[in-house]
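Engineer: missing the sequence, but the structure's below:
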């Protein structure tokens, strides 16, 4: 078991836990029957759930983490609740249901590995159990990166609504030292499995002991803060398919733009920021010289791209998508500062936008035709006047509900469908990103759209050629 630390947060001995309302000794026969009937209705027998309350990191990585929990639920004979989604996050108490981002077909197709229940059915089960005064028993389970602090975890909305009975059950925490080396994570699957089964190491004898209570707890509410996968099943590595609605919107826009190239340029925390301007020059040169030639060789665009014609540029970026050209000029004049310029990424502080960001993007849209997506306001109005070469593709409120996570998925799908794909070279013109990696991996699986490259500093690009 070298390489991980297993620690209980509270009482080590489950026999000391207080369990005033575990219903295995309920002497009210009528309520016992009603509880059994409710469980049969939703689970086919006694209900035992894993509820993902909070999953750290944003959509590309968060769905990877959820896949770990889903496949683990099958290993411990529990049903996973499909989490809600919103703002590029996954968690039980978010505002949109799972199918706003994803296709439920993924869970159905993997039912040989785990069983699932929708959030709406899970809520109805909770309500019906609450109505007979037998709310579901629940315990909070925290899986952490290491001992050095924890992420700020949201409130358990079901507990605050008194739909869960958590009386006498202390929170439990598992700490696993994080490592990018898969060989050092070989035992992590067993460690997490033991954690969910209530298997712990006796402090006196050192032997593994399984408590008799964990299996009776109906809902294990999980707060999950990890960075790398641990499930051995290769099926857990396959990304979850996105919803039909977002796929349909991506297909519609892709047909309108075609032929086009997608560029993912994440400018946040590029060091030094002065690189961005040189990277912009390289990107424009690429589109003027190499992209037309490569597009003409690509079967999907050979009939549509003529001699040295620039393909359409679709830009995925954390730079503001909607702005007045005058605002950029003012920001440049004020050494990068303009309160009207707000990045498209929630993690990108407006104060971190530098003059180099503005000069770089200004150079791009002065020399190339740029297309970006944008979430429409609920009333559909916008007062911004974008530069002539900067085309904003509005996504209606009725479709995306102004959710940046939904828009990020749409952009990702558009990049997967493009005739060519470029990204800022990691550590030089952009940041290493799981978002980029997912796009590249998908494109490699589809040879007709496998043109993939990076744009770099001018000297670096010349060296690569």
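Structural biologist: Structure's in. What do you need? All of these numbers come straight from a predicted model, not from anything done at the bench. Numbering: from 1, shown residues only.
Engineer: Could you break the chain into its assigned domains?
Structural biologist: Using automatic domain parsing, the domain ranges for the chain come out as 14-237, 244-464.
Engineer: okay if I get those as TSV plus mean pLDDT and mean neighbour count?
Structural biologist: All C-beta spots, glycine's among them, are computed from the backbone N, C-alpha and C. Formatted as TSV, the domains of the chain follow (pLDDT from 0 to 100; neighbours: other C-beta atoms under 10 Å):
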stretch	mean pLDDT	mean neighbour count
domain 14-237	91	18
domain 244-464	87	18
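Engineer: Strands along the stretch 101-250 of the chain, start to end?
Structural biologist: Using DSSP state E, counting those that start in this stretch, the strands found in the stretch 101-250 of the chain span residues 115-117, 136-144, 164-165, 172-175, 199-201, 208-210, 219-224.
Engineer: what's the answer for the stretch 301-450 of the chain, then?
Structural biologist: Ranges of strands within the stretch 301-450 of the chain are 312-317, 370-375, 390-395, 420-424, based on DSSP E, counting those that start in this stretch.
Engineer: shouldn't residue 207 be in contact with residue 199?
Structural biologist: No: Residue 207 is not in contact with residue 199 according to C-beta atoms under 8 Å; the separation is 10.6 Å.
Engineer: pretty sure residue 412 is touching residue 435, no?
Structural biologist: Yes: because the distance of 6.6 Å satisfies C-beta under 8 Å, residue 412 is recorded as touching residue 435.
Engineer: ok, the residue sitting nearest the centre point of the chain to residue 51 distance?
Structural biologist: Centroid-nearest residue in the chain, with C-alpha atoms, centre = their mean: residue 59, separated by 1.1 Å. Here residue 59 is placed at a distance of 19 Å from residue 51 (C-beta to C-beta, to the nearest Å).
Engineer: OK, contacts around the nearest residue to residue 105 once chain neighbours are set aside?
Structural biologist: Leaving aside its sequence neighbours, residue 105 sits nearest to residue 241 (C-beta to C-beta, 6 or more residues apart in numbering; 6.3 Å). Neighbour list for residue 241: 102-103, 105-106 [criterion: C-beta atoms under 8 Å, 6 or more residues apart in numbering].
Engineer: Kindly report the same for residue 128.
Structural biologist: Neighbours of residue 128 in contact, by C-beta under 8 Å, 6+ apart: 38, 41.
Engineer: cool, the one 4 residues further on as well?
Structural biologist: Shown here is residue 132, whose contacts under the criterion C-beta under 8 Å, 6+ apart are 31, 34-35, 38.
Engineer: before we move on, what about residue 373?
Structural biologist: If you count contacts by C-beta under 8 Å, 6+ apart, residue 373 has them with 253, 321, 392-395, 407, 410-411, 414.
Engineer: Going by distance to residue 139, which of those residues wins?
Structural biologist: Nearest to residue 139 among these: residue 407, at 36.2 Å, using C-beta to C-beta.
Engineer: from memory that closest one sits against residue 393, does it?
Structural biologist: No: contact criterion C-beta under 8 Å: residue 407 and residue 393 do not qualify, at 10.4 Å.
Engineer: Pull up the overlap in contacts between those two.
Structural biologist: In contact with both residue 407 and residue 393: 373-374, using C-beta under 8 Å, 6+ apart.
Engineer: Farthest pair within the contacts of residue 241?
Structural biologist: 102 and 105 (8.9 Å).
Engineer: Any idea how far apart the tips of stretch 338-357 sit?
Structural biologist: End-to-end distance for stretch 338-357, by C-alpha to C-alpha, to the nearest Å: 12 Å.
Engineer: just how off-centre is it within its chain?
Structural biologist: Counting by C-alpha atoms, centre = their mean, to the nearest Å, stretch 338-357 is centred 22 Å from the centre of its parent chain.
Engineer: which residues are contacting it?
Structural biologist: With contact meaning C-beta under 8 Å, 6+ apart, stretch 338-357 is reached by 87-88, 266-269, 273-277, 317-321, 323-324, 327-328, 330-332, 335-336, 358, 404.
Engineer: May I have the residues that are in contact with residue 330?
Structural biologist: By C-beta under 8 Å, 6+ apart, the contact set of residue 330 is residue 338.
Engineer: between the longest helix anywhere in the chain and strand 136-144, how many degrees?
Structural biologist: Secondary structure of the chain read by DSSP state H shows that its longest helix is helix 59-75. With axes from the mean of the first three to the mean of the last three C-alpha atoms, to 10 degrees defining the directions, helix 59-75 sits at 130 degrees from strand 136-144.
Engineer: Helix 59-75 versus strand 219-224: what angle between them?
Structural biologist: Using the same axes, to 10 degrees: helix 59-75 against strand 219-224 is 140 degrees.
Engineer: Show me what the following helix or strand past helix 59-75 pairs with in its sheet, parallel or antiparallel.
Structural biologist: Next helix or strand after helix 59-75 toward the C-terminus (DSSP states H and E): strand 79-81. Strand pairing for strand 79-81, using DSSP bridges, gives strand 49-55 (parallel), strand 115-117 (parallel).
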